[in-house]
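Enquirer: I need the structure of the sequence given here:
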Amino acid sequence: MSESTYLSAGSMAEQVRHKKISAVELVDAHLGRIAQLNPRLNAFIALDEDRARRDARALDTAAAHGNFRGPLHGVPISIKSSIATAGLRCESGTRLRAGNVPAKDAVLVSRLREAGAIILGVTNTPELLMAWETDNVLYGRTNNPWDFSRTPGGSSGGEAAAIAAGCSAGGVGSDGGGSIRVPAHFSGICGLKPTPGRIPATGHFPESAGPFALLGVVGPMARTVADLQLLFEVMAGPDDGDPSSAPVPLRKVGPEELKQTRAGYFEDDGRTPVTPETSSAVRAAAAALSRAGFEIVPFRPEGLEEARRLWWKLFGTAGGMVLGPLTKGHEAELSPLLKEYLGWVLAEPPHSGNSLLETWLRRDAVRNRILAQMQTCPILLCPAAAIPAFRHGERSWMVDGRTVKYLDGWSYTEWFNLLGNPGAVVPVGQSPEGLPIGVQIVGRPWEEERVLAVAAAVERECGGFRKPPIE
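Expert: Numbering: from 1, shown residues only. Got it, this is the predicted structure:
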């Protein structure tokens, strides 16, 4: 039965529908795998075993009478512990919210349950989500299933580790600066950062509001692109609680429209070097699309470096101003990762009203310039990060004879948070150590369907998910 935990979410739902497996069996298999692996992974911080089994029995009873809840009927999934899930801890990895248990599901969690998904539990994050690795003083460090000495990334690292290890069929992360895409890349799975407002961030903490509504999103994580599509379609849709919400309908991208999509690619940004295997993965993805009939051209938009600097002005400087009052007087309770982040923030002057307004206006201007360039090249292929999964505690790396510092390794995702582009990560290559390397596929705002269709083409040609050597 352990092999059932590596089925795709779509296959699980299909097997439940055809009575080849029951929802109860799927839940039991996943809970058994969690019991086996979570002591070493530390991916889940809380489980809801009683409700999961109760929901599974109810879904099996409904299925016996020919009633199916929706496209995720009987599929066991997980949720990042920064998203409200009724009866489970929503602490965002901080002692300042220790014991916070919401009584009500976030909108996206309600939509998943209504579609038949079964929530197994919630997964670990860095404190207040402010790191590209997952460790906190409440629950400790999460390990990468490919190599326990390395991180699965952050801030959705617990989610990525659980999915890659077969402890969850898929789930939900959040992303303000690569926090879905970097863990997907580090852990060898797929992840989608949607356009802000496409999936409601209502119920997330920290809240996506003010300038952070431009950056922070929630999105699906899974082992296959088809499962990303499935989860995305269930969760997408407007909600008044998300200030970026818009009534954008789902649409299908036909094969002819897809083949007419011109895709550009670049191997590095000219500032932060990437490992040779990362460059090779981008070239392999471009070649895969070319074989599939796409027009592929070298293309790197102008303005990315300005976008990176502006992203830090919002995520770093403004983010520190928001977190400052929350953490003031509690410094002794904070994790080393959060103290490190706050140290970087305090090294720069805080925003004035004028500087925040100037940042916001410059953001809109650079976004307009880059989107204009993407009119003739609406899909971009590029790295998800400069390096594969790093060892716990590392803060710099030598790449091509140059030092890559911690904050620079993830600029390849940060641009698209500032600009509002949807972006997916798909596993394509591997490092000399056998670690997975993902490639990022970026589209124009509100065009998630096209991004996912291109990602599926890359996945078909390049092989997609591989099981980590965790056994």
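
Enquirer: Next, Cys190: phi, psi?
Expert: Per-residue torsions, Cys190: phi -110, psi 150 (degrees, to the nearest 10).

Enquirer: Would you mind listing where this protein has pLDDT under the threshold?
Expert: 1-2 (pLDDT under 70).

Enquirer: how near is the residue of it most remote from its centre to Pro76?
Expert: Here the chain reaches farthest from its C-alpha mean at His65, the gap being 36.5 Å by C-alpha atoms, centre = their mean. Here His65 is placed at a distance of 22 Å from Pro76 (C-beta to C-beta, to the nearest Å). Bear in mind the C-beta positions are built from the backbone N, C-alpha and C, glycine included.

Enquirer: Am I right that Ala63 is in contact with Gly74?
Expert: Yes: contact status for Ala63 versus Gly74: in contact at 7.3 Å, counting by C-beta atoms under 8 Å.

Enquirer: Spatially, and excluding backbone neighbours, which residue is closest to Trp146.
Expert: Pro468 (4.6 Å; C-beta to C-beta, 6 or more residues apart in numbering).

Enquirer: Report the contact partners of the one you found.
Expert: Listed by C-beta atoms under 8 Å, 6 or more residues apart in numbering, the contact set of Pro468 reads Asn144, Pro145, Trp146, Ala164, Ala165, Ser187, Gly188.

Enquirer: ok, so of those, who is nearest Val439?
Expert: The closest of those to Val439 turns out to be Gly188 (C-beta to C-beta; 12.1 Å).

Enquirer: Show the contacting residues for the closest residue to that closest one other than its chain neighbours.
Expert: The shortest distance from Gly188 to any non-neighbouring residue, by C-beta to C-beta, 6+ apart, is to Pro436 (3.1 Å). Taking C-beta under 8 Å, 6+ apart, we find Pro436 in contact with Trp146, His185, Phe186, Ser187, Gly188, Pro388, Ala389, Pro427, Gly429, Gln430, Arg466.

Enquirer: repeat for Pro469
Expert: Trp146, Gly434.

Enquirer: let's see it at 10 Å
Expert: Taking C-beta atoms under 10 Å, 6 or more residues apart in numbering, we find Pro469 in contact with Pro145, Trp146, Asp147, Gly434.

Enquirer: The third one touches Gly188, doesn't it?
Expert: Looking back up the chat, that one is Asp147. No: using C-beta atoms under 10 Å, Asp147 is not in contact with Gly188; the gap is 11.2 Å.

Enquirer: Neighbour count for those two, which is higher?
Expert: Per other C-beta atoms under 10 Å, whichever of Asp147 and Gly188 has more neighbours is Gly188, with 28 against 18.

Enquirer: pretty sure the more buried one is in contact with Lys467, am I right?
Expert: Yes: between Gly188 and Lys467 there is a contact under C-beta under 10 Å: 8.7 Å.

Enquirer: what residues are shared contacts of those two?
Expert: Pro145, Trp146, Ala164, Arg223.

Enquirer: just the CA coordinates of stretch 273-280, formatted as CSV?
Expert: Presented in CSV, the C-alpha positions along stretch 273-280 are these (Å, rounded to 0.1, in the frame of the first residue of the first chain):
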residue,chain,number,x,y,z
PRO,A,273,26.1,33.1,-11.5
VAL,A,274,24.3,29.7,-11.5
THR,A,275,25.8,26.3,-11.3
PRO,A,276,26.7,24.6,-14.6
GLU,A,277,24.0,22.0,-14.0
THR,A,278,21.4,24.8,-13.5
SER,A,279,22.4,26.2,-16.9
SER,A,280,22.2,22.8,-18.5
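
Enquirer: which residues do Asp147 and Gly188 both contact?
Expert: The contact lists of Asp147 and Gly188 share Pro388, Ala389, Leu435, Pro468, where a contact means C-beta under 10 Å, 6+ apart.
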